[in-house]
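Undergrad: Mind folding the following:
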Amino acid sequence: MNNRTLNTLSTLVRRELWESPVAFKWAPLGISALILLFVVFSLIIGGRFDAEMAFTSDMLRQLAEQPTEQRRLIVSGALFSISAIFFQIMLLIILFYLAGSLFDDRKDRSILFWKSLPVSDGMTVASKLASACLLVPALFFGAIVLTHVVLLLIATVYGLLAGVNPIATFWLPASLPRLWSVMLLGMLVQALWLMPIYAWLLFCSSWAPRLPILIAIAIPAGLAIAQHAWTLITNFSLPGFNFGLIMLKRLGSGVLPMSANIEFGGNLQSIEFNEELFMNHATVLGYLGRLEMWIGLAVALLLLFGAVWFRRRATDG
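TA: So this is what the prediction gives:
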C-alpha cells in the first residue's frame, strides 16, 4: 500500500467523520458528559445528607488504609466498569453505521456522484471498514481517557479534603498506563474478532433493497430456525454448529476483558477476583491464536469481496 493509497483512504475516513459527526464525535463526548454530570450530581445530593463529609471522608480513609493490591482492584476496577458503558454504546453505533453505510448512498442517490470520483469501490468499502475498526474506537478511547482523568481529579479534591494522599490512594492504584493499553489493545483485537460480523453488515448494506439491519438479522435468524427445525424433524444435527448462534456467541463474547468468558463449575467462589481479571494483555492477545479468529477473518474477506462486487454493480435505483 503506497502513500497515495493511504492518503486516499485517510481522506475517505475523514469524509465518514464529516458525514456522521453525531455518532462518531458527539456520542462519546455526550456519554462522558452524562457520566461526569451523574457523578457530580450524586456528590452534591450526598453532600446534603453528609454536611461535614464525615461518611465520605471515612470511606476515603478506609480506602487509603487498604493494601496496595486491594486499592488497585477497587480503583482500576471502578474505572474499567465505567468504561464498559462506552464499549457497549460504541458497538451499537458501529453495527448500525455499517448496516447503513453502503445502503445510504443508494437511498439518497448520491452513489452516482461518489462513483464519478477517481476512487475505487474497494477503497470505498475499505474506508467504511476502517472507520468502524479504527476511527470510532479511537474517538471513544479518547472520551474514556478524558472521563478517567476528570474522575480522578474529582477524587483528588475529595481526597485532599479528607486528608489522604490522592497520589497513593487514587492515581497510582488506577494503573492508568496499563489500564489504557489493555483497553486500546482490546479495541483493536475486538475489531478483528468481530470482523466477520462487520463484513456481513457491509455485505448486506451493499445490496439490500431496504432496511439492511433487519435483513442482516433476519437471514442468520432464519437459517438458525430452519436448522433447528430440520434437526427436530430428521433427528440429524451438526454438533456445536448453528449459524445464528455462532454469530450471537461471537458478538456477545468479544475480546475486551470485561466480556471475557469465565469458566467455573457453577460456583462464584471459584473465581479469583483481582486486577488480572480485567487488565491482562495476555488474555486479549490470546484471541489472535484462536482458530476461530482466523476462520472468521477468512469468512470476512469473502464477504468484503462480495460487498465490493455488489457496490461495483450498484445503481441509484
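Undergrad: And the contacts of stretch 292-308?
TA: Stretch 292-308 is contacted by residues 102, 121-122, 125, 129, 192-193, 195-196, 198-200, 202-203, 205-206, 250, 287 when judged by C-beta atoms under 8 Å, 6 or more residues apart in numbering. For glycine as for every other residue, the C-beta is placed from the backbone atoms N, C-alpha and C.
Undergrad: I'd like to know which of those are part of strands.
TA: Using DSSP state E, no member of the contacts of stretch 292-308 falls within strands.
Undergrad: of the residues you listed, buried ones?
TA: Listed as buried from the contacts of stretch 292-308 are 102, 121, 125, 129, 192-193, 195-196, 198-200, 202-203, 205-206, 250, 287; burial here means 16 or more other C-beta atoms under 10 Å.
Undergrad: and residue 61, how many neighbours?
TA: 14 (other C-beta atoms under 10 Å).
Undergrad: where does it land in three-state SS?
TA: In three-state terms, and counting by DSSP: H, G, I helix; E, B strand; the rest coil, residue 61 is helix.
Undergrad: correct me, but it touches residue 164?
TA: Yes - using C-beta atoms under 8 Å, residue 61 is in contact with residue 164, at 6.0 Å.
Undergrad: Where does pLDDT dip in the stretch 1-150 of the chain?
TA: In the predicted model, the stretch 1-150 of the chain carries pLDDT under 70 at residues 1, 50-54.
Undergrad: Pull stretch 159-174 out as PDB, backbone CA atoms only.
TA: Presented in PDB, the C-alpha positions along stretch 159-174 are these (Å, rounded to 0.1, in the frame of the first residue of the first chain):
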ATOM      1  CA  GLY A 159      -9.200  13.100  49.000                       C
ATOM      2  CA  LEU A 160      -7.400  16.300  49.900                       C
ATOM      3  CA  LEU A 161     -10.400  17.400  51.900                       C
ATOM      4  CA  ALA A 162     -10.400  14.000  53.700                       C
ATOM      5  CA  GLY A 163      -6.700  14.300  54.500                       C
ATOM      6  CA  VAL A 164      -5.500  11.400  52.400                       C
ATOM      7  CA  ASN A 165      -2.700  11.300  49.800                       C
ATOM      8  CA  PRO A 166      -4.600  11.300  46.400                       C
ATOM      9  CA  ILE A 167      -1.500  10.100  44.500                       C
ATOM     10  CA  ALA A 168      -1.100   7.000  46.600                       C
ATOM     11  CA  THR A 169      -4.900   6.500  47.100                       C
ATOM     12  CA  PHE A 170      -6.200   7.100  43.600                       C
ATOM     13  CA  TRP A 171      -3.600   7.800  40.800                       C
ATOM     14  CA  LEU A 172      -1.100   5.000  41.400                       C
ATOM     15  CA  PRO A 173      -3.700   2.300  42.100                       C
ATOM     16  CA  ALA A 174      -5.500   3.300  38.900                       C
END
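Undergrad: Let me know how buried residue 284 is, in neighbour terms.
TA: Using other C-beta under 10 Å, the number of residues around residue 284 comes to 24.
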